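1. Return atomic coordinates for the entry below.
(2 chains)
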Amino acid sequence: MAENRDMAIEVTGLRTKYGDREVLKGLTFAIPKAKTTVILGGSGCGKSTLLKHLIGLLKPSEGTIKILGREITGLTDPEMDEVRKKMGVLFQGSALLNSMTIAENVALPIKEHTKIEDDPMQIMVRMKLDQVGLSGFGHFYPSQLSGGMKKRAGLARALALDPEMLFFDEPSAGLDPVTAAGLDALILKLQKAFRMTIVVVTHELPSVFTIADYVIMLDKGQVLFFGPLVELKASDHPRIRQFLERRWEEEEYSPDDYFKMIAGDEIS
Amino acid sequence: MAFTLLKDITDASRIINQSFYWTFVSPFRGKPVRIRATISEMVKTGYNSVPIVAVISFFVGIILALQAAYQLKRVGALIYVANLVGVSLTRELSPILTAIIVSGRSGSSFAAEIGSMKAAEEVDALVTMGINPVRFLVSPKLLALMVMVPALTILSDVIGILGGFLLSTSVLEINAYNYYQQTLNALLVKDVFTGLIKAWAFGIVITIVGAYQGFKVEGGAEEVGRRTTSSVVISIFLVIVFDLFFTTLFYYFT
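-> Here you go, the predicted structure:
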């Protein structure tokens, strides 16, 4: 693995609990700069929770997260905002503000963090919309756009401050295969053009094979695999094979667990 | 149970704390409140409530005059209808009626708006853009209600007294000039003023409760509905609690 200076994100010993349930059980990994890293895993493996930690929405119970060399778990809100200016996030439902037009949505972070005059800002907004292929849609409201267009608009907003890092939460969720492939192509294009660090959370295999340079695979709150995509494909770990070959296996109870289950106790 | 109650209290105090910070402290540190959003909230919460507040206050003015006359007629003191209508409206009924109408119209819409934004990850999106959601969403509403609830209360005072006046001069056949003089003599500046202080406090209560319930939404649409309902119930309850507090205070100290 490369040296620390080439790492955009370094996570060590990350643990998180929701009440008594431990969701992330001591994750340690690093995400390299200027590459696309995919966080992969089945439903309920903790990948969305992990993403929320990386973008500073949740604080871990234990462990450290370094973003661009800066430890973020102990930062105050204004300090965290400085880090956040360097990252853009595209949420699963695109999370555009419904009371504003697309152009106003894209202009929002620019207005908040810079003192750019209105006219140049409008030019910036049109450039961002053009980058995601939405020229001429600025005056539409989010409710008037299709799911794929909303995602693109959300992406334009995430790009507004020219971030060094981009995070995607399930970019292809709720899209048809063609639109999803279009979004993947857009991610590839952005990565090539701006050499951004891109982190994508997904469980869509076709998308993983198209965009990923590195893969982090999570299983039950633990890192199952971390490395380049080729190594993932070559891996013979049974859980990874099962995931890649889309095989469904019934989980078998041990006699003890079965007894606990019928007795109404939680299975650990 | 005790744990969740404790968490509710800390969450509520955090919202109160942040709302006041982002509305009154941070503007002096170079982060102004969104003026345009504030004006638009004022239009939605204040201007658009004018018809309903006016109609209800007018009716309540008439009702008060009738109820007062029912008693006062027997002791031959019909002219005191003016005192009763004027004082009870300005000191008590206008602020509380206005607050209840605003809870129903605006408090619920605050909870629904913030709640559905929370459910659609829009609040998270604001945070990741480095925009504080309380500053972005709550401060304009807080300022709007702090201005508009007292303003609507003044409107309610005027229209309510007008209602009482119209009924008294027509049905009760009180001389219009006498009624007018009697009202002026009965009303003290402090009656109107204490009413407005209450109204101002009610505006704060309604905003905070609506925002708190909105930010509490974790799940989806069903919870938004539930939180909206409880925002109305809780804000009406708290408005009455605060009313009791202020009325007691004013009884002893003015």
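
2. Within the helices and strands, which one has residue A:96?
-> Counting by DSSP states H and E, no helix or strand carries residue A:96.

3. Find me whatever residue is spatially closest to it, sequence neighbours aside.
-> For residue A:96, ignoring the flanking residues on the chain, the nearest one in space by CB to CB, 6 or more residues apart in numbering or on different chains is residue A:142 at 4.1 Å. The way it works is simple: take the backbone N, C-alpha and C, and place the C-beta from them, glycine included.

4. In this structure the one you found contacts residue A:94, no?
-> Yes - under the criterion of CB atoms under 8 Å, residue A:142 makes contact with residue A:94 at 7.5 Å.

5. what do those two both touch?
-> Common contact partners of residue A:142 and residue A:94 (CB atoms under 8 Å, 6 or more residues apart in numbering or on different chains): A:150, A:153.

6. And what about residue A:14, helix, strand or coil?
-> Three-state call for residue A:14 (DSSP: H, G, I helix; E, B strand; the rest coil): strand.

7. how much space between it and residue A:216?
-> Applying CB to CB, to the nearest Å, the value for residue A:14 to residue A:216 is 12 Å.

8. Out of the helices and strands in chain A, which is least certain?
-> Using mean pLDDT, DSSP states H and E, the weakest-scoring helix or strand in chain A turns out to be helix A:255-262, at a mean of 81.

9. May I have it as CSV, with CA atoms only?
-> Coordinates of the C-alpha atoms in helix A:255-262 are reproduced here as CSV (Å, rounded to 0.1, in the frame of the first residue of the first chain):
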residue,chain,number,x,y,z
PRO,A,255,-28.3,-25.2,17.8
ASP,A,256,-27.5,-22.6,20.4
ASP,A,257,-28.6,-19.7,18.2
TYR,A,258,-31.8,-21.5,17.2
PHE,A,259,-32.6,-22.1,20.9
LYS,A,260,-32.0,-18.4,21.6
MET,A,261,-34.2,-17.4,18.6
ILE,A,262,-37.2,-19.4,19.7
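
10. what helix or strand does residue A:23 sit in?
-> In the assignment (DSSP H and E), residue A:23 maps to strand A:21-32.

11. Report all helices and strands that the next helix-or-strand element following that strand contacts.
-> Per DSSP H and E, the first helix or strand lying C-terminal to strand A:21-32 is strand A:36-40. Counting by 3 or more CB pairs under 8 Å, 6 or more residues apart in numbering or on different chains; DSSP states H and E, the packing neighbours recorded for strand A:36-40 are helix A:47-54, helix A:177-194, strand A:197-202, helix A:205-211, strand A:214-219.

12. Taking helix A:177-194 as reference, get the angle to the third one.
-> Between the direction of strand A:197-202 and that of helix A:177-194, the angle (axes from the mean of the first three to the mean of the last three CA atoms, to 10 degrees) works out to 160 degrees.

13. So is strand A:197-202 next to chain B?
-> No - for strand A:197-202, no contact with chain B is found by CB under 8 Å from any CB of the partner chain; the gap never falls below 12.8 Å.

14. and the angle from that strand to strand A:214-219?
-> If you take the same axes, to 10 degrees, strand A:197-202 sits at 30 degrees to strand A:214-219.

15. in its sheet, what does the strand holding residue A:23 sit against?
-> strand A:7-18 (antiparallel) (DSSP bridges).

16. how about the strand it pairs with: buried residues?
-> A:7, A:8, A:9, A:10, A:11, A:14, A:16 (16 or more other CB atoms under 10 Å in any protein chain shown).

17. Quick one: end-to-end distance for stretch A:41-50.
-> One end of stretch A:41-50 sits 11 Å from the other (CA to CA, to the nearest Å).

18. hmm, it in reach of chain B?
-> No - using CB under 8 Å from any CB, stretch A:41-50 stays clear of chain B, coming no nearer than 10.6 Å.

19. sorry, back to before: out of the buried residues of strand A:7-18, flag the one nearest to chain B.
-> residue A:9 (14.9 Å; CB to the nearest CB).

20. ok so, going back, and which of the buried residues of strand A:7-18 is nearest residue B:92?
-> Of all the buried residues of strand A:7-18, residue A:16 has the smallest distance to residue B:92: 51.5 Å, by CB to CB.

21. any idea what sits nearest that closest one, other than its immediate chain neighbours?
-> residue A:24 (4.4 Å).

22. and if you look at residue A:208?
-> Spatial nearest neighbour of residue A:208, chain neighbours left out: residue A:38 (5.1 Å); criterion: CB to CB, 6+ apart.

23. can you pull the contacts of that neighbour?
-> Contacts for residue A:38 (CB under 8 Å, 6+ apart) come out as A:199, A:200, A:201, A:202, A:208, A:211, A:212, A:214, A:215, A:216.

24. Need the pLDDT of residue A:56.
-> You'll see residue A:56 listed with a pLDDT of 87.

25. Could you do residue B:70 as well?
-> 92.

26. ok, it to chain A distance?
-> 50 Å (CB to the nearest CB, to the nearest Å).

27. I'd assumed residue A:87 was in contact with residue A:167.
-> Yes - with contacts counted by CB under 8 Å, residue A:167 reaches residue A:87, the gap being 6.4 Å.

28. which of those two has more neighbours?
-> The neighbour comparison of residue A:167 against residue A:87 (other CB atoms under 10 Å in any protein chain shown) goes to residue A:87, with 26 against 23.

29. which residue sits closest to residue A:7, ignoring its sequence neighbours?
-> In space, and not counting its chain neighbours, residue A:7 is closest to residue A:30: 4.4 Å by CB to CB, 6+ apart.

30. Any figure for the gap between the one you found and chain B?
-> Note on residue A:30: its distance to chain B, by CB to the nearest CB, is 21 Å.

31. just to revisit the earlier point, shared neighbours, residue A:167 and residue A:87?
-> Residues touching both residue A:167 and residue A:87 (CB under 8 Å, 6+ apart) are residue A:55.
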